[in-house]
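1. here's a sequence, model it:
(one chain, ligands or ions: 1)
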Amino acid sequence: SKAAVKVTVTGAAGQIGYALLFRIASGQLLGPDTPVRLSLLEIPPALKAAEGTAMELDDCAFPLLAGIDITDDAKHAFDGVNVALLVGARPRTKGMERGDLLEANGGIFKPQGEAINAGAADDVRVLVVGNPANTNALIARSHAPDVPAERFTAMTRLDHNRALSQVATKLGVSVSEISRMTIWGNHSATQYPDLFRAQVGGRSAAEAVGDDAWLRDTFIPTVAKRGAAIIEARGASSAASAANAAIDHVYDWVHGSDWTSMAVVSDGSYGVPEGLISSFPVRCVDGQWQIIQGLEIDEFSRERIDASVGELAEERDAVRELGLI
Ligand code: NAX
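-> Now for the predicted structure:
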């Protein structure tokens, strides 16, 4: 039988962790033929809760679950890791300035990047979910110089899936009829969900919608502000849908995809400055992502992409000034 793959989840005792771990252990992250060993990384006050989750994982008797360890030591958690899901992060609290937020997250993602650099398996893949996800990924990556840059990614798949759902509802079609959806830029309110390149029934989704005002004033803000709407309705932030998106992201990276959205290190494509971790349309082949090339970008989309990428450049400059990268 196949060797177990080590999957490390940080923030394992949090709400996304709770929605994610059972799906990983049941085989949905890596497929039904791949056993997994889970490593749960938490901070000391949450270790007991992580142990409770591990007890429930045991109680599921998942045939693919080869073992669970729980630790507050990043070096231990990332030793030999194949898939690292960096979910735990420092949330923005009331009155917190952006600099404080970035600094607090630097205190998490710098040592985690170092631990990945020191101990990860050669084939390690990293997905950063914890916000600000793109910039946290940039911080971790810059402290892991021995790991190829393309192994560090951040999650915009939840935004991508939200966009699919919104446009499918608008058009009265199934999400499976929509292809080539793209989220560009930052996982933030400036993100650009692009219906001009998305397709439905052989034409662009923007054309199929045929309503520029809806696209601009309803669709884009609904997708970009969906997180806040979920908090408003549920009294808690997106958890199961975020976990689902993390599963989709890694599954597609490993197993292949014709077209999806991932925040990946820019090679300068589409005018995105080299080195920024920005969301692009990607294709995944043989376990590797590649930015889909050669798309023509209309003026409306250009402005939106530039605005979100500009925000990423500002975040990069801020963490550089703080000495975090
Ligand atoms: P929770 O607050 O429920 O859980 C976070 C967990 O991380 C806590 O258990 C905490 O103890 C742990 N943690 C904190 N510092 C840690 C460290 N240094 N090492 C290990 N664990 C640590 O948050 P949850 O709702 O699970 O959300 C987690 C993160 O995902 C947040 O940053 C959130 O903003 C982000 N999200 C990102 C999304 C995306 O699309 N990229 C969407 C969903 C979500 O909002």
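2. now whichever residue of the stretch 1-150 of the chain sits closest to the ligand: phi and psi?
-> Residue nearest to the ligand within the stretch 1-150 of the chain: residue 14 (1.9 Å; CB to the nearest ligand atom). In this view, the C-beta of every residue, glycine as well, is placed from N, C-alpha and C. Per-residue torsions, residue 14: phi -80, psi -180 (degrees, to the nearest 10).
3. pLDDT score assigned to it?
-> Per-residue pLDDT puts residue 14 at 98.
4. and for residue 96?
-> Residue 96 is given a pLDDT of 88.
5. before we move on, what about residue 92?
-> Taking residue 92 on its own, its pLDDT is 85.
6. that one should be in a helix, yeah?
-> No - with DSSP: H, G, I helix; E, B strand; the rest coil as the criterion, residue 92 is located in coil rather than a helix.
7. who's in contact with it?
-> Residue 92 is in contact with 101, 131, counting by CB atoms under 8 Å, 6 or more residues apart in numbering.
8. in contact with the residue of the stretch 1-150 of the chain closest to the ligand, which residues?
-> Residue 14 touches 46, 87-88, counting by CB under 8 Å, 6+ apart.
9. which residue packs closest to the one residue sitting closest to the centre of the chain, ignoring adjacent ones?
-> Most central in the chain under CA atoms, centre = their mean is residue 155, positioned 1.5 Å from the mean C-alpha point. Using CB to CB, 6 or more residues apart in numbering and skipping residues adjacent in sequence, the residue nearest residue 155 is residue 129, 4.9 Å away.
10. picking up where we left off before, could I get the phi/psi values of the residue nearest to the centre of the chain?
-> phi -90, psi 120.
11. before we move on, what about residue 199?
-> phi -130, psi 150.
12. show the contacting residues for the residue nearest to residue 292 when sequence neighbours are not counted.
-> Excluding its sequence neighbours, the residue lying closest to residue 292 (CB to CB, 6+ apart) is residue 281, at 4.3 Å. By CB under 8 Å, 6+ apart, the residues touching residue 281 are 180, 182, 184, 197, 259-261, 291-292, 295.
13. then residue 281 would be within a strand, right?
-> Yes - looking at residue 281 with three-state DSSP, it is inside a strand.
14. gap between it and the ligand?
-> The gap separating residue 281 from the ligand is 17 Å, by CB to the nearest ligand atom, to the nearest Å.
15. so what's that residue bridging to?
-> For residue 281, the beta-bridge partners under DSSP bridges are residue 261.
16. any figure for the gap between it and residue 202?
-> 18 Å (CB to CB, to the nearest Å).
17. cool, and residue 75?
-> Distance from residue 75 to residue 202, by CB to CB: 52 Å.
18. near the ligand, which residues of the stretch 151-300 of the chain? Just list them.
-> 155, 158, 187, 227, 237-239, 242 (CB under 6 Å from any ligand atom).
19. for those, work out which two are farthest apart.
-> The largest separation in those, counting by CB to CB, is between 187 and 239 at 15.9 Å.
20. between those two, who's got more neighbours?
-> Legend: neighbour count by other CB atoms under 10 Å for residue 187 and residue 239, higher for residue 187 (30 against 17).
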